[in-house]
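Enquirer: Sequence and predicted structure are below.
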Amino acid sequence: MPEVGLGYCSSGLDGVSRTHVFKAMMHKIDHPERFLPVSKVSVRPAVGPAAFEGALWRSMQYDGPGPLHGQTVVEHIYADGVEGEIRFVGLDAKGSEGPLEIVNTLLRNPLRIEYYQRDRVTLQRVSWAAPVASAADAIEATLRLAQAAERQAADASDFGLRA
């Protein structure tokens, strides 16, 4: 099964705005089950030093293929809308942040989404054993959500009411 390795980048995202794509990426923080094969999701504000940086704490069980299958993933999540970057930093059993982070970044010219893993100190990319199909599926789900938001925003008859 092919792995993400040093990164996976989508092709150009046509017909959607940067704003709608990043909002869809942010949606993945609270609702990862819509993008990834996970269950038992819990999200809350982080505590300690991470809280001062605006991090969220998240726990979820990974149900997909790959080295994390069946494991509970606990992490801090940092989002930077200006940079278009969301960082997922794994926590150990004591709640300390690990040395690596998964980065979801929104690139420009052309608009694309890239996923990769890097060392938090050196910022050097590190090979990531996650299945490339999972990354591609998550990006596709993000694009579908952004496209739906784009259609809703363009619909002059939509006044924000929901049934």
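Expert: Thanks, I have it.

Enquirer: Please pull out the lowest mean pLDDT helix or strand from this structure.
Expert: Sorting the helices and strands of the chain by mean pLDDT, DSSP states H and E puts strand 128-131 at the bottom, at a mean of 88.

Enquirer: Can you point out the buried residues in the helix or strand where residue 50 lies?
Expert: Applying DSSP states H and E as the criterion places residue 50 in helix 49-52. For helix 49-52, burial by neighbour count (16 or more other C-beta atoms under 10 Å) applies to residue 50. For every residue, glycine as well, the C-beta is placed using N, CA and C.

Enquirer: Now find how far off-centre it is within its chain.
Expert: 20 Å (C-alpha atoms, centre = their mean, to the nearest Å).

Enquirer: what's the following helix or strand after it?
Expert: Immediately after helix 49-52, counting by DSSP H and E, sits strand 56-62.

Enquirer: Contacts made by that next one with the rest, please.
Expert: Strand 56-62 is contacted by residues 29, 32-33, 36-47, 50, 68-77, 91 when judged by C-beta atoms under 8 Å, 6 or more residues apart in numbering.

Enquirer: if you set the cut-off to 7 Å instead, what comes out?
Expert: 29, 32, 38-46, 68-69, 71-77 (C-beta atoms under 7 Å, 6 or more residues apart in numbering).
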